[in-house]
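**Student:** Structure for the following, please:
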Amino acid sequence: MSETGFGDFEFERRFYVETLPAVALDDPSPTLIVQNYFLSADGYAIRVRLSAQGIRLKNLGHEDISEVLREHASDFDFCAITVKGPMNAGTRYEAERELDISVGLNLLERGNNLIIKNRYSVWLDSDGWVIDVFGAHNFPLIVAEVERGGPVTDLAIPAFCVSEVTEDKRFSNEYLALTPFSQWAEEFGVQLGTTGPTFMQGMGTNTHSSPLGGPDPFPFG
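**Tutor:** Residues are numbered from 1 along each chain as shown. Presented below is the predicted three-dimensional model:
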C-alpha cells in the first residue's frame with residue numbers, strides 16, 4: 001500500500017534487460033521469489049508470493065519449482081496474497097495482505113502457474129531499483145523495475161535498460177506465468193531488432209545513461 005496518500009495504487013516502470021549488470025552483484029543477499037497466479041484475466045490478477053532472503057538460484061533455467069519449494073520450505077520468511085488491477089501509464093491498483101507461510105506453501109504446491117526468480121536490489125541515483133532474474137521456463141528473462149510513491153517521471157534510466165516494457169502486457173508476471181518467455185523470446189528479439197528500443201513518452205524529461213556510465217546527451221520525454 002502506498003504511504004503517500006494514493007491508497008492501494010502503485011507507481012512503477014519496467015525495463016527489459018539483456019545481461020545481468022555488474023551493479024546487481026552489489027546486493028550480497030538476493031531474494032528468492034516463488035509465486036503463483038490463481039486468477040489472470042484482462043489485467044486483473046490474484047497472486048500468492050513466497051520470498052526468502054539470501055537464496056541464490058543455481059543452474060538457472062533448469063529448476064523444478066516444486067522441488068525448490070520443498071528444499072527451501074524452512075527458508076521462506078514472508079508470504080502475501082495480492083490483488084492487482086490493470087496497468088495504466090505506470091499506475092496499477094495493488095492491495096496486499098500477509099499470509100501464514102505454511103498456508104502459502106500449501107497454496108503454491110497446488111498451483112499450476114508458478115514463477116521463480118531471484119530479485120536483486122540496488123540504489124541508483126535517487127531511485128531504488130530491483131532487477132529480477134527469472135528461472136525455469138522464463139529463463140533467460142531479466143527485468144528491471146523502479147517504483148515510487150507517485151508517478152515515475154523525470155527518470156534517470158540506467159544503461160543496462162535496453163527497452164521499456166511498462167505497458168507491454170507480455171512482461172507482466174501474470175502473463176509470464178501462463179505464457180513463459182521461452183515461448184516467445186525469439187519473436188521478441190526479432191521485434192526489438194526491427195523497431196529498436198522504445199520508452200514511454202509524457203513522463204517528464206527522462207535521461208538514459210550511456211554505456212560508459214554518463215548521461216545520454218539527448219534526453220527523451
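
**Student:** need the helices for this protein, in chain order.
**Tutor:** 65-71, 101-109, 173-178, 185-195 (DSSP state H).

**Student:** Could you look over those helices and pick the most buried one?
**Tutor:** Compared across the helices of the chain, helix 173-178 shows the largest average neighbour count, a mean of 20 (mean count of other Cβ atoms under 10 Å). Where you see a C-beta, it was placed from the backbone N, CA and C, and this is true even at glycine.

**Student:** Check the model's average confidence along it for me.
**Tutor:** Helix 173-178 carries an average pLDDT of 94.

**Student:** outside of stretch 59-76, which residues touch it?
**Tutor:** Applying Cβ atoms under 8 Å, 6 or more residues apart in numbering, the contact partners of stretch 59-76 are 32, 34, 50-52, 55, 57, 101, 104-105, 108-109, 114, 116, 133, 135-136, 139-140.

**Student:** Select from those every entry located in strands.
**Tutor:** 32, 34, 50-52, 114, 116, 133 (DSSP state E).

**Student:** tell me the two of those residues that are most distant?
**Tutor:** Across the ones in strands among the contacts of stretch 59-76, the longest distance by Cβ to Cβ is 16.9 Å; it joins Leu50 and Val133.

**Student:** Just the buried ones from the contacts of stretch 59-76?
**Tutor:** 32, 34, 50-52, 55, 57, 101, 104-105, 108, 114, 116, 133, 135-136, 139 (16 or more other Cβ atoms under 10 Å).

**Student:** picking up where we left off before, need the helices of the chain in TSV with distance to Tyr16, can you?
**Tutor:** TSV is the format used below for these (distance: least, Cβ to Cβ, whole Å):
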stretch	distance to Tyr16
helix 65-71	23
helix 101-109	27
helix 173-178	12
helix 185-195	8
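
**Student:** right, and the ones you listed - which one's nearest Asp77?
**Tutor:** helix 101-109 (7.5 Å).

**Student:** what is the rounded mean pLDDT of the closest one?
**Tutor:** For helix 101-109, mean pLDDT is 96.

**Student:** re the thing from before, just put the ones in strands among the contacts of stretch 59-76 in TSV and tack on pLDDT.
**Tutor:** What follows is these, written out as TSV (pLDDT from 0 to 100):
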residue	pLDDT
Leu32	98
Val34	98
Leu50	98
Ser51	98
Ala52	98
Leu114	95
Ile116	97
Val133	97
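
**Student:** check contacts around the closest residue to Pro197 other than its chain neighbours.
**Tutor:** Using Cβ to Cβ, 6 or more residues apart in numbering and skipping residues adjacent in sequence, the residue nearest Pro197 is Ser163, 3.9 Å away. Contacts for Ser163 (Cβ under 8 Å, 6+ apart) come out as 15-16, 192, 197-199.
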